[in-house]
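Participant: The sequence and its predicted three-dimensional model are supplied below.
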Amino acid sequence: MNTVPHVRLPAMIKRLKQAVTFVLRPLKLLAPRATRGVFRKKIGVIDTLVRENRSVKREIASLEAERSRLLALLKERQETHEQTIATLRRENDKEKEAFREGVQADFRKEQKGYFTKKLYEEFPSIHWNWSLSRRRAVCPDGKFAFIMGPPNSGTTIFFRILLEHPEIWGLFRESNLFTMGHTDREIISTFKSWQKSAEQEGKSIVLEKTPTNIERWPRIHSLIPNHKILCMMRDGRDCVASGVASHHGSHEDAVNRWIDSVVEYETMQAAFKDDVILVHLRDLQQDPSLVLIRSLDFLGLSYDFHVLQKMLHYHERPRHLGDQRDIPMTLPQTRDTRRDRLQMRCYQVNQPVQKDTSRWKTEFPYDRHPELHERLAPWLAKYGYLDTRRDTREDSAENTVGPNMSAMMERTPEKTLEKTLEIDVNPVESAA
């Protein structure tokens, strides 16, 4: 049996290459040199192309990597953008829903106030018994009184005089609780705190003064069941002149405010006749003692000669308006700034009640504003400020005096007070 000797593979390959080289060597010698040059060039071109191909492949690979990175970054940013858009849409939907609910709530509130007002106009004897029974558990159970009326009608000076009574407690400023967007809970809590302060000082009634409350009387009646309202009334022409002088708008705006306030008073009077009293500023100017006696009887407060004398001489004890103790109580030089007007008010409320109520003759004359005077004429005649038998251009003093005051003008405040006290020294004991 023949045996093949063991030969390693690398040695065999080497021998094979040597054999091929030995066979091809003659052919290489026979080939012309030009052909060998052409071959070398072609081989060089092929090598160059191969190297360029390799570089192009590397560039393509790098571009593919950059493209993949940019696509990943774009996808990430797109996802972030979509999340942001979704968040903004959710917030926008929430804002739309809140706005829709607010509009619906305002509409329901205005609708309720409108129909309530119409109800009072059609059925004056109806009271808010259902509202009172629903809120009675949280409403304060003390005695409360409100002074309201057209702007610049004398509410501040009347409030200043009533505060001299020993049983009346009040902030010597306008609270604006019902006109500044406060909730029912906040208003009731404030009145409870006022009632507590009044009880601590030994007072029996809380008095609040804000003229614009005459537009919020339905809400006042629903929240504060046990209350009285003193509505001030002044010649509309004087209110207009005073309002324009106090930088509260134009003459037309002042006329509209006065007429609207009078209409609100009539609606309120028709709905709650026993809880509302009308106080004319002219009566307070001409015979303050009778006005005070009538008002105190309406509030159910006791009085005597010394109490009335103290109230009539309120100006002998000056007081600041609210917390504005840094404002002097002297007559200001000008009335251009807000501080000057506040100083003027502080000065006026600590002076005796002025007797003259015809400033409109110089500041709001008929010949300058005939149309506005014609608008006021029916209302002025209705409340005794204008004699319908005369023309509105006449400056007669009879036009500024009410029909109920003609007999009172013949008596001085001191004589009227003495005569009243002779008849009824203590109205509480007489009633008992």
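Facilitator: Thanks, I have it.
Participant: Assumed residue 278 was part of a helix.
Facilitator: No - judged by DSSP: H, G, I helix; E, B strand; the rest coil, residue 278 forms no part of a helix; its state is strand.
Participant: So what's the predicted local confidence for it?
Facilitator: Listed pLDDT for residue 278 reads 94.
Participant: Enumerate every residue touching it.
Facilitator: 231, 233, 265, 269 (C-beta atoms under 8 Å, 6 or more residues apart in numbering). From N, CA and C alone the C-beta is placed, and that goes for glycine too.
Participant: can I get those residues in JSON lines with pLDDT?
Facilitator: Formatted as JSON lines, the contacts of residue 278 follow (pLDDT from 0 to 100):
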{"residue": "231", "pLDDT": "95"}
{"residue": "233", "pLDDT": "94"}
{"residue": "265", "pLDDT": "93"}
{"residue": "269", "pLDDT": "90"}
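Participant: wouldn't residue 299 be in contact with residue 228 here?
Facilitator: Yes - Residue 299 is within contact range of residue 228, at 5.8 Å (criterion: C-beta atoms under 8 Å).
Participant: and for the two, which residues touch both?
Facilitator: In contact with both residue 299 and residue 228: 143, 145, using C-beta under 8 Å, 6+ apart.
Participant: What helices and strands are in contact with the longest helix along the chain?
Facilitator: Identified as the longest helix of the chain according to DSSP state H is helix 33-122. Helix 33-122 sits against helix 217-223, helix 251-271, with contacts defined as 3 or more C-beta pairs under 8 Å, 6 or more residues apart in numbering; DSSP states H and E.
Participant: Where do the strands of the chain begin and end?
Facilitator: 143-148, 168-169, 205-209, 227-233, 276-280 (DSSP state E).
Participant: Can you report how many residues neighbour the residue nearest to residue 280 when sequence neighbours are not counted?
Facilitator: The shortest distance from residue 280 to any non-neighbouring residue, by C-beta to C-beta, 6 or more residues apart in numbering, is to residue 233 (5.0 Å). When counting by other C-beta atoms under 10 Å, one arrives at 24 neighbours for residue 233.
Participant: Touching, residue 233 and residue 383? I think so.
Facilitator: Yes - contact criterion C-beta under 8 Å: residue 233 and residue 383 qualify, at 6.3 Å.
Participant: list residues touching both of these two?
Facilitator: 262, 280.
Participant: if we can go back for a sec, need the contacts of residue 278 in a markdown table with distance to residue 147, can you?
Facilitator: Shown next, in a markdown table, are the contacts of residue 278 (distance: C-beta to C-beta, whole Å):
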| residue | distance to residue 147 |
| --- | --- |
| 231 | 8 |
| 233 | 12 |
| 265 | 13 |
| 269 | 15 |
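Participant: could you check the angle helix 251-271 makes with the longest helix of the chain?
Facilitator: 60 degrees (axes from the mean of the first three to the mean of the last three C-alpha atoms, to 10 degrees).
Participant: what sits against the residue lying closest to residue 264 once chain neighbours are set aside?
Facilitator: With C-beta to C-beta, 6+ apart as the criterion, residue 264 has its nearest non-adjacent residue at 4.8 Å, and that residue is residue 214. Contacts for residue 214 (C-beta under 8 Å, 6+ apart) come out as 148, 149, 150, 231, 261, 264, 265, 268.
Participant: what's the closest of the helices and strands packed on helix 33-122 to residue 154?
Facilitator: Judged by C-beta to C-beta, the one of these that comes nearest to residue 154 is helix 251-271, at 12.8 Å.
Participant: Return the set of buried residues in that closest one.
Facilitator: Residues of helix 251-271 classed as buried under the neighbour-count rule (16 or more other C-beta atoms under 10 Å) are 251, 254-255, 257-259, 261-262, 264-265, 267-269, 271.
Participant: okay if I get the residues you listed as TSV plus distance to residue 290?
Facilitator: Converted to TSV, these look like this (distance: C-beta to C-beta, whole Å):
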residue	distance to residue 290
251	33
254	29
255	30
257	29
258	25
259	28
261	24
262	23
264	26
265	21
267	27
268	24
269	21
271	27
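Participant: if we take those residues, which one ends up nearest to residue 194?
Facilitator: The closest of those, once distances to residue 194 are taken by C-beta to C-beta, is residue 268, at 22.2 Å.
Participant: What residue, apart from its backbone neighbours, is nearest the closest one spatially?
Facilitator: Counting by C-beta to C-beta, 6+ apart, the residue nearest residue 268 is residue 217, at 4.7 Å.
Participant: That neighbour contacts residue 264, doesn't it?
Facilitator: Yes - checked against C-beta under 8 Å, the pair residue 217 and residue 264 is within contact range at 6.9 Å.
Participant: Would you check how far apart residue 343 and residue 352 are?
Facilitator: Distance of residue 343 to residue 352, given as C-beta to C-beta, to the nearest Å: 18 Å.
Participant: what about the two, which has more around it?
Facilitator: Taking neighbours as other C-beta under 10 Å, residue 343 and residue 352 compare with residue 343 leading, 22 against 13.
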